[in-house]
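Engineer: just to be clear, the model below is a prediction. Sequence and coordinates:
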Amino acid sequence: MLNVQGSDLKMMYAIILFIFAGLAEIGGGYLIWLWLREGKPFYWGIFGGVALALYGVIATFQSFPTFGRVYAAYGGVFIILSVLWGWGIDKKTPDLYDWVGAGICLAGVSVMLFVPRQ
């Protein structure tokens, strides 16, 4: 039987919010990139701006008490999501150093989020 504690649910909620925020930020930036750099229609840029604004709102749903810690931890998640975005969307296969760097970021995020504090 699955035994899920309140702290586990809180952490899952935080991770899901980080992923949604990352997808909104990366996706929004990507749409603006396509508009400005690759000549896509203007409305692609508008949708990108909306996605970026949505990213800013999503992050406020985190339950952490301080802005700085939330954004610092999110920064590591953003790097990992960016590597995955480049692999899946841009078809640029990450090399060993991309994965090592992403792993270092994940280790840093884990320290920030999982180390007990008073």
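Structural biologist: Arrived safely, thanks for sending.

Engineer: look up how far residue 55 lies from the residue nearest the centre of the chain.
Structural biologist: Centroid check for the chain by CA atoms, centre = their mean gives residue 22 as the closest residue, at 2.7 Å. According to CB to CB, to the nearest Å, residue 22 and residue 55 sit 8 Å apart. C-beta coordinates here come from the backbone N, C-alpha and C atoms, glycine included.

Engineer: before we move on, the earlier item: and the residue nearest to the centre of the chain, what does it touch?
Structural biologist: Shown in contact with residue 22 (CB atoms under 8 Å, 6 or more residues apart in numbering): 55, 74, 77, 78, 81, 82.

Engineer: top of these by neighbour count?
Structural biologist: Most neighbours among these, by other CB atoms under 10 Å: residue 74, with 24 neighbours.

Engineer: which residue packs closest to that one, ignoring adjacent ones?
Structural biologist: Leaving aside its sequence neighbours, residue 74 sits nearest to residue 18 (CB to CB, 6 or more residues apart in numbering; 5.5 Å).
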